[in-house]
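> sequence and predicted structure are below.
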Amino acid sequence: MQKKEKIPNDDRQAKICESTETSKVDFAYKVLVEEIVEELSTDSHKVKVLDPIKEGSLDVGPLNKQRIFLSYQHCREALSLEQGKTYLLMGSDKDIHRDDKKDTFEYVIGERTWVEYWPTAEECQTDKYRDTCLGLEEMVNQYSLFSCIG
């Protein structure tokens with residue numbers, strides 16, 4: 001489900017560094033949804049990785065590459081990804097599958113995947129999105145400076 005309520009910055013920071021027995025965040029990407037293919041049981045979201053904020057150990061060097069994110073059709077409404085918009089996606093390497101035939105990676109969007117709309121530069125100037133944009137920026141800066149230490 002896409003996170004739409006006001007998200008405290010600490011929640012984002014905690015999520016990008018999450019590492020428990022049941023849930024570990026290995027990757028965090030800013031992505032642009034280029035195409036959505038709706039099928040009977042699963043939807044395919046072709047995305048371009050604009051910023052691999054945190055790279056997992058499985059999919060190395062995804063910057064500016066296309067990746068497929070798969071989700072269940074019954075999650076379509078809750079997920080509500082839109083073509084041409086950008087999002088923050090964070091999840092586990094366990095949800096990544098290598099497709100050797102196509103020489104690419106497919107990511108499964110599950111209940112533990114963090115999905116958050118990433119507003120445009122213009123939207124970031126508005127009251128509605130200012131806090132979100134500052135929070136996203138802070139998370140990226142914190143992670144790039146300090147990683148997940150302490």
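Cool, the structure landed.
> Y87 is in contact with Y117, correct?
Yes - using C-beta atoms under 8 Å, Y117 is in contact with Y87, at 5.8 Å. All C-beta atoms are positioned from the backbone trio N, CA, C, and that covers glycine.
> more neighbours, these two?
Y87 (23 against 19; other C-beta atoms under 10 Å).
> the helix or strand hosting the more buried one pairs with which strands?
Secondary structure here is read from DSSP states H and E; on that basis Y87 sits in strand 86-91. Strand pairing for strand 86-91, determined by DSSP bridges: strand 27-38 (antiparallel), strand 114-118 (antiparallel).
> contacts for it next, please.
With contact meaning C-beta atoms under 8 Å, 6 or more residues apart in numbering, strand 86-91 is reached by 2, 12, 15-16, 25-33, 47, 50, 54, 69, 81, 107, 109-110, 112-120, 136.
> low-confidence stretches in the protein?
Counting by pLDDT under 70, the chain shows low-confidence ranges at 150.
> mind giving me the packing neighbours of the helix or strand hosting R12?
For R12, the enclosing helix or strand under DSSP H and E is helix 9-16. Under the contact criterion of 3 or more C-beta pairs under 8 Å, 6 or more residues apart in numbering; DSSP states H and E, helix 9-16 touches strand 86-91, helix 127-146.
> centre-most residue in the protein?
Geometric centre of the chain, nearest residue: L89, 0.7 Å, by C-alpha atoms, centre = their mean.
> that residue pairs with what?
Here L89, judged by DSSP bridges, has bridge partners Y29, V115.
> surely R98 touches F105?
Yes - the criterion here is C-beta under 8 Å, and R98 meets it with F105 at 5.7 Å.
> I7 against G135, yeah?
Yes - counting by C-beta under 8 Å, G135 is a contact partner of I7 at 6.7 Å.
> just confirm A28 contacts Q142, I think it does.
No - counting by C-beta under 8 Å, A28 does not reach Q142; the two are 11.7 Å apart.
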